[in-house]
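*Asks:* here is my input, please return the structure:
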Amino acid sequence: MKKILFVAVDFSRWKYARSWSYPTYFSFSCELVKQGVNVDYFTFIVSQRDSWIEAQNKNIQRVLDNSKYDEVWCEAVHTPWTMQTLAQLYKAAPVRVAFVCESLNYPESVYLHHPELRNRKITVDERVKYFTHLLCFDERDASDYQLAGYCSTWIPCSIPSDEIKINKRRVSYHGAVYCGDLYRERKDWMNQNKLLISYLIKLNPRENCTIYPYLFEIAHASKYLLSTSGFILDSTSIDLFARWVRKKIFSMWMNNIAASKMTVNLPHLFQSFSSRIYESMAVGRPVITPFIENRPKVMSLFTENDEIMFYDSRNVESLLKKIIELRDKTDLYVRIAENAYKKIMLYHTTDLRVRQIKGWIDHSVEIRFL
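*Replies:* Numbers count the residues shown, from 1 in each chain. From the prediction side, this is the model:
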C-alpha cells in the first residue's frame, strides 16, 4: 500500500481560515484514504510568531526523520517552510507534490493596489524547486512552470460526492447572494450602481451561530501551546479533529447556499473560478461570475447561458442585467441549474479529481475536464 504524507496549511483564526474552503485540498486527504492510500496528515498553521513557525518546522522534521514515504503532498504558497525543512522534504520521498493554490501572475492594475503580491511568485519559485510535481490552481502558472521544465498541470476545484445533491429546501434568499468580504475595491465597484446593491444579499455563514468555529480555534490554540512548550508533539489527532470541524462547517455551508435563489461571484483577485462556483452548482443553484481574461481553459469548463452566466467586471450594469435576466426567465434559470449540476457530477467530483491526479503522477495521464 502506498504511503503518503499530506501536509496542509491552515489559519489559527476561523475568520481567516473560512475563505479556504474544504474542497480546496483538505478533502483530497480524505479521498486518498477512501481510495486505499495510507495517509499521514499534518497541518501547518500560518502565524506571525517566529517561535511557532520554528516549532512547527521542527515537528515536521521529526515526522520526516521517523517515517519513510512514497509521496508527500504539500501546500507551497502560504506554508511557512524553512529552507532546512524543504531540504529534508526533498530527501523524504521520491515523489513530492506541491499545491500552488493561488494565482502567481496578475494584471498590473492589481499590483497597484496589492504590491505585496509581486513577492508571492518569487517565494513560490524558490519553494517549487524541491518538488517533483506541481498542481496549479491557475492555468497560466501551470503553463509557465511547464515551460520552465517542471512537471506541472492545472486542476480546477472539485466537490466531495456526498455534498453533491439537489437540495429541495425552501429558498430563504430570493435575491442574488454573494459571499466574502467587501474590501475597498469591491465596495467602490458596487457603489457605481446603487440599484445593484438592492439586488444583492450577503450570505452570512451559519456556522457563526454554532460552536464549530470556537472548536476550530481551540484545536489550533492547543497545538500552539503544546508545540511552543517544549513537548515532543504528535499533533495528528488535533489536526484530524480540526479537519473534521472543517468538514462539518462545509456541510452547513452547502445547505446555506442551497437556501439561495442564485449565487453571484463578485470580482476577485484569483485568476480562475473560485470554489463558490462549484459549490453552488453542486446544490443546483445557478451562478453568475465575472469573465476571466486570458484564461481560455477555465472559461471552457462551463458553457455560457447553458451552465453558467458571465458578466463583464469592468461594467457594473452588466451584472445587474444578468441578475434580472436569470430572475425573470424561468426556462433559463432551470436549464442552467440542471446542466451545471450534471457537469459537476460528471467531471468535478473529488473522487474523480484524486484519481486523475494519481493517474497523472503514476502514469503521466493528462487530466481532462470534458
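*Asks:* what about the helices in the stretch 151-300 of the chain?
*Replies:* Ranges of helices in the stretch 151-300 of the chain, per DSSP state H, counting those that start in this stretch, are 184-190, 194-199, 212-227, 236-258, 275-282, 296-299.
*Asks:* for residue 313, which of those is the nearest?
*Replies:* In this view, the helices of the stretch 151-300 of the chain are compared for proximity to residue 313 by C-beta to C-beta, and helix 184-190 is the closest at 7.6 Å. (C-beta placed from N, C-alpha, C; glycine too.)
*Asks:* number of nearby residues for the nearest residue to residue 21 once chain neighbours are set aside?
*Replies:* Excluding the flanking residues, the one nearest residue 21 by C-beta to C-beta, 6 or more residues apart in numbering is residue 275, at 4.0 Å. When neighbours are defined as other C-beta atoms under 10 Å, residue 275 has 20 of them.
*Asks:* just the helices of the stretch 151-300 of the chain: most buried one?
*Replies:* Between these, helix 275-282 has the highest mean count of neighbours, a mean of 25, where neighbours are mean count of other C-beta atoms under 10 Å.
*Asks:* so for that one, mean pLDDT?
*Replies:* Here helix 275-282 scores 95 as its mean pLDDT.
*Asks:* try stretch 100-114
*Replies:* For stretch 100-114, mean pLDDT rounds to 90.
*Asks:* circling back to that earlier point, dump the residue contacts of the residue nearest to residue 21.
*Replies:* Contact analysis of residue 275 by C-beta atoms under 8 Å, 6 or more residues apart in numbering lists 21, 23, 24, 157.
*Asks:* swap in 10 Å and give it another go.
*Replies:* Shown in contact with residue 275 (C-beta atoms under 10 Å, 6 or more residues apart in numbering): 19, 20, 21, 22, 23, 24, 137, 156, 157, 158, 159, 250.
*Asks:* save the helices of the stretch 151-300 of the chain as TSV, and put in distance to residue 265 too.
*Replies:* Written out in TSV, the entries for those read as follows (distance: least, C-beta to C-beta, whole Å):
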stretch	distance to residue 265
helix 184-190	11
helix 194-199	14
helix 212-227	24
helix 236-258	12
helix 275-282	6
helix 296-299	12
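*Asks:* among those, which comes closest to residue 65?
*Replies:* With C-beta to C-beta, the closest approach to residue 65 among the helices of the stretch 151-300 of the chain belongs to helix 236-258: 15.7 Å.
*Asks:* got the angle between the closest one and helix 275-282?
*Replies:* Interaxial angle of helix 236-258 relative to helix 275-282 (axes from the mean of the first three to the mean of the last three C-alpha atoms, to 10 degrees): 60 degrees.
*Asks:* let's see helix 236-258 as CSV, backbone CA atoms only.
*Replies:* Coordinates of each C-alpha in helix 236-258 appear next as CSV, following Å, rounded to 0.1, in the frame of the first residue of the first chain:
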residue,chain,number,x,y,z
THR,A,236,-2.2,14.1,14.3
SER,A,237,-5.3,13.8,16.5
ILE,A,238,-5.5,17.6,16.8
ASP,A,239,-5.0,18.1,13.0
LEU,A,240,-7.6,15.4,12.2
PHE,A,241,-10.1,17.0,14.6
ALA,A,242,-9.7,20.4,13.0
ARG,A,243,-10.2,18.9,9.6
TRP,A,244,-13.4,17.1,10.9
VAL,A,245,-14.6,20.5,12.1
ARG,A,246,-13.9,22.0,8.7
LYS,A,247,-16.0,19.2,7.1
LYS,A,248,-18.9,19.8,9.4
ILE,A,249,-18.8,23.6,8.7
PHE,A,250,-18.6,22.9,5.0
SER,A,251,-21.8,20.7,5.1
MET,A,252,-23.6,23.6,6.8
TRP,A,253,-22.3,26.0,4.2
MET,A,254,-23.6,23.8,1.4
ASN,A,255,-27.1,23.8,3.0
ASN,A,256,-26.8,27.6,3.3
ILE,A,257,-26.0,28.1,-0.4
ALA,A,258,-29.0,25.8,-1.2
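*Asks:* all strands of the stretch 51-200 of the chain, in order?
*Replies:* Counting by DSSP state E, counting those that start in this stretch, the segments of the stretch 51-200 of the chain that form strands are 71-75, 95-100, 133-136, 151-154, 173-178, 200-202.
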